[in-house]
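K.L.:
return atomic coordinates for the entry below.
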Amino acid sequence: MSILLIPIAPLSRTKTRLKDCFSKKQLKELTIAMFKDLGKTLKDVDCFEQKIVYCNAPEILDFAKDYDLLGIKEELTVPPKSFDEVIEDLNNIAIKKFDAKQTVFSFLDLVLISAENFYEINSLIKKNQLVVCPAIHSAGISVLGRNPPDIIPSFFSDPNIPSLVALLSNASKKGIEKIAVYDSFRAGFDVDVIQDLILTYDYLKIFNLMHTEVFKFLKVNLKLSFKKVDNNNNRHFQIIKHK
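P.N.:
Just a heads-up that it's a prediction; the model follows:
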């Protein structure tokens, strides 16, 4: 049984790296927009036996029902658990309550991910012990699949090593050989820092996704753009703020 797992941070702590760009209210609106878009995408995905959203926010759990997603409330702790601990909790729920044989973790901020991506990832996890989709802008992980689900822990909270490097290094030490690296721009693009917001707005137009809730939100609220500083270098730019 293959299960899709989507952990979502409390709305009060969502996307804090974007706080210099948006207010708390706007960040909440952006998070809900991302969730609605993901829910619409997953409506067309039926290759998983269960699709679970794990979150403390009542708004998200209520919306989950509209997209045929199973919402499970996360119980918050003081101090807050690390992201790896949250991943482990949700993974254990999938194993113990739903008899998961494979689990696939995906995340809310993959604003370009498609139904086809999910089908391809699910197909890969049936044949491999580990499936990872590298994040486009970092040595992080945008999608993580494990078969069986407890074959190796996640390493999102490692303080010194990026999660992709840490995972593959530890997989090598454990002798895990059947590893598939899922190379996808759309599944690997996540919204993490301010630069990503500007790119998101342009990429959504490029992929003809102007109907999405995220695009509508950015069209109204995003007051930033790029300007190249060096005409021969696409990585050297400044961010311009508009009124």
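
K.L.:
can you list the low-confidence ranges for this protein?
P.N.:
For the chain, the stretches with pLDDT under 70 are 232-235.

K.L.:
next one: the most centrally placed residue in it from F226, what distance?
P.N.:
Nearest to the geometric centre of the chain sits F107, at 2.0 Å (C-alpha atoms, centre = their mean). Distance, F107 to F226, by C-beta to C-beta, to the nearest Å: 25 Å. Using the backbone N, CA and C atoms, a C-beta is placed for each residue, glycine as well.

K.L.:
can you check Y119 too?
P.N.:
Going from Y119 to F226 by C-beta to C-beta gives 33 Å.

K.L.:
just confirm V132 is within a strand.
P.N.:
Yes: with DSSP: H, G, I helix; E, B strand; the rest coil as the criterion, V132 is located in a strand.

K.L.:
just confirm it contacts V165, I think it does.
P.N.:
No: look at V132 against V165 with C-beta atoms under 8 Å: they stay out of range, at 10.9 Å.

K.L.:
which one's more surrounded, those two?
P.N.:
Using other C-beta atoms under 10 Å, the more surrounded residue of V132 and V165 is V132, with 25 against 16.

K.L.:
partner residues bridging the more buried one?
P.N.:
Beta-bridge partners recorded for V132 (DSSP bridges): L144, V181.

K.L.:
residues touching it, list them.
P.N.:
Contact analysis of V132 by C-beta atoms under 8 Å, 6 or more residues apart in numbering lists I141, V143, L144, G145, L164, L167, L168, I179, A180, V181, Y182.

K.L.:
try 7 Å
P.N.:
By C-beta atoms under 7 Å, 6 or more residues apart in numbering, V132 lies in contact with I141, L144, L164, L167, V181, Y182.

K.L.:
regarding the fourth one, which helix or strand does it belong to?
P.N.:
With elements delineated by DSSP states H and E, L167 resides in helix 163-173, which encompasses its position.

K.L.:
next one: that helix to chain centre, how far?
P.N.:
Chain-centre distance of helix 163-173: 19 Å, with C-alpha atoms, centre = their mean, to the nearest Å.

K.L.:
same check on stretch 195-207?
P.N.:
16 Å.

K.L.:
which helix runs longest in the protein?
P.N.:
Determined from DSSP state H, the single longest helix within the chain is helix 24-42.

K.L.:
what about the residue nearest to K216 when sequence neighbours are not counted, how many residues nearby?
P.N.:
Distances taken as C-beta to C-beta, 6 or more residues apart in numbering put A33 closest to K216, at 7.3 Å, once the chain neighbours are dropped. A count of nearby residues for A33, using other C-beta under 10 Å, gives 19.

K.L.:
secondary structure class for S225?
P.N.:
Recorded secondary structure, S225: strand (three-state DSSP).

K.L.:
the helices in this structure, which residues?
P.N.:
Using DSSP H, helices in the chain cover 24-42, 58-66, 83-98, 115-127, 163-173, 185-188, 194-206, 213-221.
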